[in-house]
Structure formats: structure tokens, C-alpha cells
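J.: my questions are about this predicted structure, shown below with the sequence.
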Amino acid sequence: MEESTFFVQNLSISPIGGIRIACFVKNGAGVLTPRRTLPHYTLVYVLRGGGRYFDENDVARKVRPGDAILVLPGIEHWYGPPRGERWDELYLVFEGPVFDLWRDNDCLSSNSPVFPLRPTEYWLERIKRAIGASHNGDPKKMLGDALRMQGLLADIGSTARSEVSTELLWLEQARLALRNSLSVQDAAGAMGMAYEAFRKKFRKLSGQPPGRYKTEVAMEQACEMLSTSNVTLKHIANNLGYCDEYHFSKQFSKAVGWSPSEYRARIGKRTLPIQNQRHNRNYG
């Protein structure tokens, strides 16, 4: 069964443009009509499964996990897995005059609508950073939304014209090591590097210290455990590598704004009302 989780749904965007919708689709069937034409730009990143893409310009391409599809306004097209099969995708709907300018200057082209974005974990996180959060009509946040999307397109354009560098492969491995290790020192050891060399290289490639990245990952995991289970704070602290419950609670409060107990009481096991709803196939 197809499941959809919306990351953002913005009713308004900045005067220069921005992201309207960002949605993850599990067990999706792709485009459900034989052909369609959209009034906006759509970026589809395929995470699992494979299929085909074709359009009015007689462009036909295979699609594999880690491939992105860029659909431009006014281009009749179709994409999806073979009949009877399913795939997972993350898609963005964006629009605005700034992106029309990109298209007018051939920075967005329908000649190469399918291109690889690998390593998948790196690009999935990169796309999520560009998505950000719903801005609720805040003018500054709307502008930031448009700027992040342009930054993503610039990075995609650069990567699409060349093979993934060894530095991006190293960064993917380093992030995995940080996720699977109790400390940055342990992650550096797993990568066969001294701590200081690891720290400097990670910061250079990712733009943030490895300790901050690991804290962000730990807080995401903590939020998941607090909202979906009844395990004790001591168990969560031990599982995430904190020396005791006090230090975990202090870090969590600083990062999230609520104490772990407050977060659990407020969030509980609620499900966002927009999750697991079948998404509008006129978009993705």
C-alpha cells in the first residue's frame, strides 16, 4: 500500500519562488496517468526500486535507486516502476520566477531529465537540508527557502556533470561511522584516522563539526524513542552514549527546547495529521 509523509506544504512562497511541497512516498506507483503536463517544477529522487522515464521530446531513460528526475513545467512526461511493482521516492514541487531564470539560461534543461545522485545517503540528507521546515508565511524564512533550493540545484548541476568525488564517498562513510559509534573518537578510529585529522576533514566537507552532527543524530534518535516507546530516560541515555541521564537531559533540552519528559508528554505517540495520507498525484 502506498504511504505518503509530507515534510512541508507551503501555501505561500517568496516573490522569487520557493518549495510548495516536499513529500516522501513509500511503495509508490509513479505517475498514474499515461502522460501528464505540470505547471511547476518537480524533482523526484528515487530511493528504492526502479523503472522508466519518457517525455514528449522522445527522451527515454532507465531509472535506478539513487537517480533523480527533474520535470520542467509544460513538458508532457511519464515516470514510474513497471506495472505491478513499486518504488520509494522523495519529491519536491517548486516554482517561481527565479527558477524560470535558471531555465532560460539553460541551468535547468529537459535534455537530461534523469541523472545519478550518489552516494544515496549523502544526497538524501542534502535534499532534506534544502527542504527545511514549513515557514508559515514568514518573509525571511520564505526567502531562505528559495535560496536553499537554488543551492541544492547548483550542487546537483555540478554533480550531474561529473562523477561523485572520493571526498563525498569519504563523507558518507564518516557519517555512517558517527551514527554507529558512541563517540567522535570511536568514529575516527573506525575510519583509521587520528581524531584531529578526522575532525578537520569532516568539518571541511560537511560545514559542521562531527560532534555537532553526532549530537543532531542523537537528538533525532532520542525524539524517536521518546515518541514511539516507553523506555526510560536512563535507557535512552545509555543507548546514545551519554554518561548519565542528567547530561542527556541537559543536552536534549538545549537542542530541542523541551526537557525529555516535557517532549514525551507533549508529543506522546501522536501521528501528524498529514502523515500516511495518499498524496496528490498531480504533484509528485
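T.: Cool, the structure landed. Numbers count the residues shown, from 1 in each chain.

J.: what segments of the chain are helices?
T.: 97-104, 120-131, 139-160, 166-180, 184-190, 195-206, 210-228, 233-239, 245-256, 260-267 (DSSP state H).

J.: closest to Ala22 out of those helices?
T.: When the helices of the chain are compared by CB to CB, helix 120-131 sits nearest Ala22, at 4.4 Å. (Each C-beta comes from the backbone N, C-alpha and C, glycine too.)

J.: sorry, back to before: let me have the helices of the chain in a markdown table, extended by mean pLDDT, mean neighbour count and distance to Ala22.
T.: Putting the helices of the chain into a markdown table (pLDDT from 0 to 100; neighbours: other CB atoms under 10 Å; distance: least, CB to CB, whole Å) gives the following:
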| stretch | mean pLDDT | mean neighbour count | distance to Ala22 |
| --- | --- | --- | --- |
| helix 97-104 | 96 | 16 | 15 |
| helix 120-131 | 91 | 18 | 4 |
| helix 139-160 | 88 | 17 | 10 |
| helix 166-180 | 86 | 17 | 21 |
| helix 184-190 | 94 | 19 | 29 |
| helix 195-206 | 90 | 16 | 21 |
| helix 210-228 | 88 | 17 | 17 |
| helix 233-239 | 91 | 17 | 29 |
| helix 245-256 | 89 | 16 | 22 |
| helix 260-267 | 85 | 15 | 21 |
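
J.: among these, which is nearest Val114?
T.: helix 139-160 (9.9 Å).

J.: tell me what that closest one is packed against?
T.: Under the contact criterion of 3 or more CB pairs under 8 Å, 6 or more residues apart in numbering; DSSP states H and E, helix 139-160 touches strand 18-28, helix 97-104, strand 114-116, helix 120-131.

J.: could you rerun that using 6 Å?
T.: Here helix 139-160 touches strand 18-28, helix 120-131, going by 3 or more CB pairs under 6 Å, 6 or more residues apart in numbering; DSSP states H and E.

J.: average pLDDT across stretch 16-30?
T.: For stretch 16-30, mean pLDDT rounds to 95.
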